[in-house]
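K.L.:
Need coordinates for the following:
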Amino acid sequence: MPSSGSATSTVYLSQDEALPADVASSVYAYVDRPCHALTLRNRALAKVQVVGGNVAPSSLPVYLHKRTPCTYATIAGIIVGVTEKDRRWDLMIDDGTQIIDVSVHSRSIPDSLLKSIPPVAPSSRQTLESYQSMPTLPLESGDVVKVTGKIWRRQWSTQRGKTTFKVGLDVQSLDNLNDDPSEEARHNLRAHQMDSTEYGQVFAMPSECLSVVRIVLPLQSRSAAAYCHPNEALRMERKFGDDLRALVQSRPDSTQDENGLSLSASSVANRLLAPRSRYNRLKRASSEVPFSEIRQSYPGQRERRIKLEAQTEGASRIVPLPPSSSLEAPQHTLPHPMPEQTASAPRQCSSLASSQTAAPESPPRRTATHFGKSRQLRTPSKLRDSQCTADLFRLHVQKFLVDHNRFTSLCERARLESRGRKRSSEGPTSPLPPVFTMQYLMTVRNLWELADRVVSVMIRSREKESARKGLLPTASGEAKSEKMRRLFERCVRQLVNEGYIVIAGEADAIPASSLFEARAEAAEEDLPSSLSVEVAKWERHFYRRGSRNGPPPHLMAGAARNSNEAGPEGAGGRGDGGDSYQLLTPSLLIAPLSTILRRSMSTTFSTSASAFMGEEEIRALTDTLRRNDDRWKFVGSESVKEALMEMQ
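P.N.:
Reported below is the predicted structural model:
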């Protein structure tokens, strides 16, 4: 680990998000040394993961133990098996927690441990003179050893869609502990101490080990930032740095920082930002889009894309001039509009835009009622058999849940407006997502049709595979409807494990209006024309242009049955005997996060400082949320960050 007297840079590592290629190379060059080996037990070594998933960035496998990267590890234990091969020995070391395979090569063993055995005289003298003695390893089963080696990890087996990996070591140094068996116990104590103190902290690496990336803002942007916002320069630096995944803040007018460390032109203090969030992911200007990122599927696509981006960003780039400036002042633009001025800038500049050259009109913003701008998926009847897979079925279920949430919110708003009621100001900014069950999803016509096609394709594929191998086709005793039900169960279980939906709690299971009851109730009242049109559009979109008379009979019957069994909770409630679920939205996390923020007395979880939380505070808040309730076991930091932004 780096010493406390040197300047360090914090690097946030995760097994789900990969680092940029240059940062991964710097981290790999730093940890790829035997002196930086981690002291681990065998069980901890067997659970190391690759940073960024199973595919290493730039073919450099950097392994992650908790929050510390590593490529070397040190273990100690008893040898329980020895296999001799050509100039190599495979040892099986057991320390009481797990058995680890260790490969020992003759080149990595000290000469003092090697014993040369003279060869048996062959029939030829020339062969005898050129024959070399073979070394042997003076280790047997029962010996206590301590080894330091490089970690390797390869795929071991795949069962039921879950892949397991085998982890081992290529020995770089080996010590025989038969003379001092207590060294193994000291190694285990040291491993427990390091595991609970240093390995759980954020990894800090010397700044000179990271590549320096200088960020130079455009002159036009710096001139506009001088009067638009007091912190505009800092905000734009953060935007640019987040887009490049690295930020270097250099101060040429100062030679020392707040810690008294010297800053030179060749070595400046740099800071790696955390992975980009959904709200910070901005589009770059059309002039900055590299040619390699544009797909050349047909001629003229690059020109059309640049022209479309220019029209989209034209209106949002207008920045209101200060009151003291005249209309003859040059028009300044910003590469990225400020979030707080995006909606108000076109209205403030209406008079200015009318007097000068008219800017192209920006497309309408996507809202909860803009169903036409949401992602469209092909209907099951238009899909080929090769496209009907379980993954595509899961995408359709996710899309249906989003539409179900939006349509329910729209019907609820229509019902409230028809009765002349308004939402209370102290209530949540957005309604809670409706409660649904797996049985309710099985009553949806499109999902049921797609599940039928997916199961049929799987059955035909299995029959073709048996015929190709020359095996007799085996008739399954399970009905097709049962296979479809298991497909729904597996899809719901995957969505829960991914944190897309959560199990509905008792407090969140509020009486929600059914889709059909809310639509009928809204139709009886005199609604505004715009709201009535929106409800009708959403209804056509929700049923996917089905029968002209509305949803199919089995869908109506299933919804009515669920409504009768659920009582006042409506369709998709808790009365069908299965678990109830809810779509994970920021509004659903506001209540538990508010409880945690009120209980905490530290400044880390302060409600007033929730908008300025860093990655470490958000991760700590996420861990606290997961520990308090098993419902939020699979909630990620991004969802917590979105909920905090909505709370503000």
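K.L.:
Quick check: next helix or strand after the helix or strand hosting V167?
P.N.:
Using DSSP states H and E, V167 falls within strand 162-176. Downstream of strand 162-176, the first helix or strand assigned by DSSP H and E is helix 182-196.
K.L.:
Quick check: which ranges of the stretch 201-350 of the chain have low pLDDT?
P.N.:
Applying pLDDT under 70 to the stretch 201-350 of the chain flags residues 207-350.
K.L.:
what do you get if the cut-off is 80, keeping everything else the same?
P.N.:
204-350 (pLDDT under 80).
K.L.:
tell me the SS of E140?
P.N.:
coil (DSSP: H, G, I helix; E, B strand; the rest coil).
K.L.:
Now whatever helix or strand I459 lives in: buried residues?
P.N.:
Using DSSP H and E, I459 sits in helix 445-468. For helix 445-468, a neighbour-count test (16 or more other C-beta atoms under 10 Å) marks 445-448, 450-455, 457 as buried. Placement of C-beta: from N, CA and C, glycine included.
K.L.:
if we can go back for a sec, for the strand holding V167, which strands pair with it and how are they oriented?
P.N.:
Sheet pairing for strand 162-176, assigned by DSSP bridges, gives strand 99-105 (parallel), strand 144-159 (antiparallel).
K.L.:
Need the winner for burial among these.
P.N.:
strand 99-105 (a mean of 19; mean count of other C-beta atoms under 10 Å).
K.L.:
Mind listing residues that contact it?
P.N.:
Contacts of strand 99-105 with the rest of the structure, by C-beta atoms under 8 Å, 6 or more residues apart in numbering, involve 42, 45-46, 75, 77, 80, 87-94, 137, 147, 149, 166-171, 174.
K.L.:
give me that answer again for 7 Å
P.N.:
42, 45-46, 75, 80, 87-93, 137, 147, 149, 168-171, 174 (C-beta atoms under 7 Å, 6 or more residues apart in numbering).
K.L.:
would you put the C-alpha positions of the strand holding V167 in CSV?
P.N.:
Taking C-alpha atoms only, strand 162-176 is exported to CSV below (Å, rounded to 0.1, in the frame of the first residue of the first chain):
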residue,chain,number,x,y,z
LYS,A,162,-24.4,-20.3,-13.5
THR,A,163,-20.7,-20.3,-14.3
THR,A,164,-18.2,-21.2,-11.6
PHE,A,165,-14.5,-20.2,-11.8
LYS,A,166,-11.4,-21.9,-10.4
VAL,A,167,-8.7,-19.7,-8.8
GLY,A,168,-5.1,-20.7,-8.1
LEU,A,169,-1.5,-19.4,-7.9
ASP,A,170,1.6,-19.6,-10.0
VAL,A,171,4.3,-19.7,-7.3
GLN,A,172,6.9,-17.0,-7.3
SER,A,173,8.4,-17.8,-3.9
LEU,A,174,8.0,-20.7,-1.5
ASP,A,175,9.0,-21.1,2.2
ASN,A,176,9.0,-24.3,4.1
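K.L.:
longest helix of the protein?
P.N.:
For the chain, the helix with the greatest residue count under DSSP state H is helix 390-418.
K.L.:
so what's D175 bridging to?
P.N.:
K146.
K.L.:
shouldn't it be in contact with V144?
P.N.:
No - checked against C-beta atoms under 7 Å, the pair D175 and V144 is beyond contact range at 9.5 Å.
K.L.:
Which neighbours do these two have in common?
P.N.:
Between them, D175 and V144 share no contacting residue, judged by C-beta under 7 Å, 6+ apart.
K.L.:
can you list the domain ranges for this structure.
P.N.:
8-209, 219-282, 287-320+330-355, 383-468+477-583, 586-647 (automatic domain parsing).
K.L.:
where does Q201 land in three-state SS?
P.N.:
Classified using three-state DSSP, Q201 is coil.
K.L.:
er, R378 I mean
P.N.:
coil.
K.L.:
Can you report how many residues lie near it?
P.N.:
11 (other C-beta atoms under 10 Å).
K.L.:
Quick check: phi and psi on it?
P.N.:
phi -70, psi 150 (degrees, to the nearest 10).
K.L.:
before we move on, what about S141?
P.N.:
phi -60, psi 130.
K.L.:
Apart from its neighbours in sequence, what residue is nearest it?
P.N.:
In this structure, S141 finds its nearest non-sequential neighbour in I79, 5.5 Å apart by C-beta to C-beta, 6 or more residues apart in numbering.
K.L.:
which helices and strands does the helix or strand that contains that neighbour pack with?
P.N.:
If you go by DSSP H and E, I79 is part of strand 72-85. Using 3 or more C-beta pairs under 7 Å, 6 or more residues apart in numbering; DSSP states H and E, the elements in contact with strand 72-85 are helix 42-46, strand 88-94, strand 144-159, helix 182-196.
K.L.:
T74 and P34 touch, don't they?
P.N.:
No - at 8.9 Å, T74 does not count as touching P34 under the criterion of C-beta under 7 Å.
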